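Student: Just a sequence and a predicted model for now, questions to come.
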Amino acid sequence: MTISRRTFMGTTAALTAALAAPMIARAQTTARVVVVGGGSGGATAARYIARDGAGAIDVTLIEPQRIYHTCYFGNLYLGGFFDYDDLGHGYTGLATTYGINVVHDWAVGVDRDAQTVALASGASVPYDRLVLSPGIDFVDGSVPGWSVSAQGAMPHAYKGGTQVELLRSQIAAMPEGGTYAMIAPPNPYRCPPGPYERVSMVAHYLRENNPTAKILIVDPKDSFSKQALFEDGWNRHYAGMITRIGPDMGGATFEVDPAAMTVTIDGVVENVDVCNVIPGQRAGQIAFAAGITDGNWAPVSAYDMTSRVDPLITVLGDAAQQGAMPKSGFSANSQAKVAANAIVAALTNGRQFPARYANTCWSLIDTDDGVKVGATYEASDEGIVSVDSFVSQVGETAEVRAATYRESLDWYQAITTDMFV
Amino acid sequence: MSRARAVTGALAFAALAAATSPALAEGDPARGETLFRPCRACHMVGEGAVHRVGPHLNGLVGRAIGAVAGYDFSDDLVEAGVDGLVWDEATLDRFLAGPREYFPGTAMVFRGIRSAEDRAHLVAYLREAGGPADGVAAAADTAAVDPEIAAILQIAGDVAYGEYLSNECTACHRAEGGEDIPTIRGLAPSVFVAGLVAYRNGSREHQVMNMVTRRLGDEEIAALAAYFQSAE
């Protein structure tokens, strides 16, 4: 009995060891990084971690869509400067060139104790390090009268993809002399110049196709990114077409009615033909499911973009609350490279270099009239802080503006290459 | 030695070319001076001119292509010079119309000038401001390298650090280069360092590049140069 029990226990121990051994060996030589979200932050992080991990790190990228459509340059598509198909990018390069395990599914939960990500399909994916780069979701009730279920009648077109196509077709179908209204978002939101570049591109389209049409911006903010540049451009190119109602004129007190296609501003009802509602924003849902948010966003360390709640989770891009960087694709790409260096260094005992970030945002106002704003950043205990910056100036020559636009086209090719190729 | 022979051959070729090529438009040096303004970001011409990002242009008209001492020309230009090609009205006109169409390997980042008249103005200015080919090149050789650039070239760059720093570059610079944003891979350190120093001290102007380089120390420029030289 004693002997048999000892034998049994010995067998069990041996069996356990035999089962556990491969897993331990695997964990020691091949660390597992799971990246949720295949946009500017997530795709870049996956690519750099797989590349620099040089086989020592298994990278899994979880992204529901097979073709990612960039949000940036979506406005140029609205203006007729860019083809819709050119906004789309697939994940084949990440899978074949870098050996990344690309899983097209929704991440719906994170078990931080077990270190697993739950997928909508029911699968569970274990991680040693988790990178969350989910982008934005919308704050419920931020635009009275609107909810996501109304996005067919009143599109947000602020996450790329089919919503942008829908908005384009609605603008094309506007009656002669009709009104395009935009409900601009409150701070902070993705791509600070984005709504105003969009207005410029819609104005360009309307000037060419429907010159008596009007644009109405309802804006809860006192001021906005590149305001002097946009307003100067609107005066030069689209005189009389664009009206912006700021909070001083009631722009913060509004509601929409998607069924009636009306916008009520400070009690005055306006009939509109297109209503582009860009709601208030918060981190993508998975950040909330992971329990790493504070308010609407996920606070991170400026030194390596790790969550302030869980150091095994890195948060990139729009979802992160990091300090001074704008929420932009360029920022997310920049943050991803700093985070990738930190993760690879930690998992492979490699060199970690000091965090340094940069951002530049180009905007197109009209044909060959491009402007840009940029800054460099570094880490501090309080968050990411700006080191240096520049912005285009009112009154620059046509040659400078044309060069800025051409540069933005090259940037688009470069950043999407940096993410996917 | 071979270069001296090449120059002799080149001069003979130039004489031949002058005798046979059709007359090009007469340029106005004053208008050419205005057109030269953006070129100053990389090229010096006139008294005290030294190599910057691009070679100095003193004595340009009449000199062999890719053959001024102290400047690291791309292979295409060196070969052209060795083959006897000389910068004259015809070759400059063709080069300025589309640098990369003429010499695909040129490091010169410039799209070209469409107007034949403007090209003639520019060449007329270069002939006037740069003087004759004879004798000038020799005087400039000794002053070729800026001491700030020379100091950075002395630093042994940390390639791994350079690779990390290069992540900031790849957001805009593709390996194969774009229409407007050039490739920076495989550049000789002398060219790369001269370029970044010119952006850092503001003698070459570009809002993004001036900002990006202002926070680069000498060690960082050396690291980047070492990495990009090694990158294929």
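Tutor: Done, it's in.
Student: Domain map for chain B?
Tutor: With domains defined by automatic domain parsing, chain B comprises B:2-141, B:147-230.
Student: Please render those domains as TSV that adds mean pLDDT to the earlier fields.
Tutor: Formatted as TSV, the domains of chain B follow (pLDDT from 0 to 100):
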stretch	mean pLDDT
domain B:2-141	76
domain B:147-230	92
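Student: Nearest to chain A, out of those domains?
Tutor: domain B:147-230 (3.3 Å; C-beta to the nearest C-beta). Where you see a C-beta, it was placed from the backbone N, CA and C, and this is true even at glycine.
Student: That closest one: end-to-end distance?
Tutor: Using C-alpha to C-alpha, to the nearest Å, the end-to-end distance of domain B:147-230 comes out at 24 Å.
Student: ok, now stretch A:107-122?
Tutor: 10 Å.
Student: just stretch A:105-113 next, same as before
Tutor: End to end - C-alpha to C-alpha - stretch A:105-113 spans 22 Å.
Student: same question, stretch A:135-154
Tutor: Start-to-end, stretch A:135-154 (C-alpha to C-alpha) is 21 Å.
Student: where do the strands sit along the stretch 251-400 of chain A?
Tutor: Along the stretch 251-400 of chain A, the stretches classed as strands by DSSP state E, counting those that start in this stretch are A:254-257, A:262-265, A:268-271, A:274-277, A:281-283, A:298-299, A:313-315, A:320-321, A:356-366, A:369-379, A:384-391.
Student: Show me what the second one packs onto, helices and strands only.
Tutor: Using 3 or more C-beta pairs under 8 Å, 6 or more residues apart in numbering or on different chains; DSSP states H and E as the contact definition, the elements that strand A:262-265 packs against are strand A:214-218, strand A:254-257, strand A:268-271.
Student: The one residue sitting closest to the centre of chain B: what secondary structure?
Tutor: Compute the mean C-alpha point of chain B, and by C-alpha atoms, centre = their mean the closest residue is B:Gly54, 2.7 Å away. Recorded secondary structure, B:Gly54: coil (DSSP: H, G, I helix; E, B strand; the rest coil).
Student: Tell me how far it lies from B:Arg100.
Tutor: 15 Å (C-beta to C-beta, to the nearest Å).
Student: Would you mind listing what in the stretch 1-150 of chain A touches chain B?
Tutor: A:Tyr48 (C-beta under 8 Å from any C-beta of the partner chain).
Student: out of the helices and strands packed on strand A:262-265, nearest to chain B?
Tutor: Once these are compared by C-beta to the nearest C-beta, strand A:214-218 is nearest, at 27.5 Å.
Student: What is the subsequent helix or strand relative to the closest one?
Tutor: helix A:227-237 (DSSP states H and E).
Student: That next one near chain B anywhere?
Tutor: No - shown here: helix A:227-237 not in contact with chain B (C-beta under 8 Å from any C-beta), separated by at least 13.1 Å.
Student: could you dump that helix to CSV, C-alpha only?
Tutor: C-alpha atoms of helix A:227-237 as CSV (Å, rounded to 0.1, in the frame of the first residue of the first chain):
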residue,chain,number,x,y,z
GLN,A,227,-7.3,77.1,-36.2
ALA,A,228,-5.6,80.1,-37.8
LEU,A,229,-4.4,78.0,-40.7
PHE,A,230,-7.8,76.5,-41.4
GLU,A,231,-9.7,79.8,-41.1
ASP,A,232,-7.3,81.5,-43.3
GLY,A,233,-7.6,78.7,-45.9
TRP,A,234,-11.4,78.6,-45.7
ASN,A,235,-11.5,82.4,-46.4
ARG,A,236,-9.2,82.0,-49.3
HIS,A,237,-10.7,79.0,-50.9
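Student: Could you pull up the contacting residues of A:Gly178?
Tutor: Residues near A:Gly178 by C-beta atoms under 8 Å, 6 or more residues apart in numbering or on different chains: A:Asn210, A:Ala213, A:Lys214, A:Val272, A:Asp273, A:Val274.
Student: wait, which of those residues is closest to A:Asp137?
Tutor: The nearest member of these to A:Asp137, counting by C-beta to C-beta, is A:Val274 at 23.1 Å.
Student: Run through the bridge partners of that closest one.
Tutor: On the basis of DSSP bridges, A:Val274 is bridged to A:Tyr180.
Student: Enumerate the residues of the stretch 301-421 of chain A near chain B.
Tutor: Checking the stretch 301-421 of chain A against chain B by C-beta under 8 Å from any C-beta, the hits are A:330, A:333-334, A:337, A:341, A:351, A:353, A:356, A:358, A:360, A:372, A:374-376, A:387-390, A:392, A:403, A:406-407, A:409-411, A:413-415, A:417-418.
Student: Just the buried residues of these.
Tutor: Listed as buried from these are A:330, A:333-334, A:337, A:341, A:353, A:356, A:358, A:360, A:372, A:374-376, A:387, A:390, A:392, A:403, A:406-407, A:409-411, A:413-415, A:417-418; burial here means 16 or more other C-beta atoms under 10 Å in any protein chain shown.
Student: rewinding a little: can you add neighbour count and pLDDT and give the contacts of A:Gly178 back as CSV?
Tutor: Converted to CSV, the contacts of A:Gly178 look like this (neighbours: other C-beta atoms under 10 Å in any protein chain shown; pLDDT from 0 to 100):
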residue, neighbour count, pLDDT
A:Asn210, 18, 98
A:Ala213, 22, 98
A:Lys214, 19, 98
A:Val272, 21, 98
A:Asp273, 18, 98
A:Val274, 23, 98
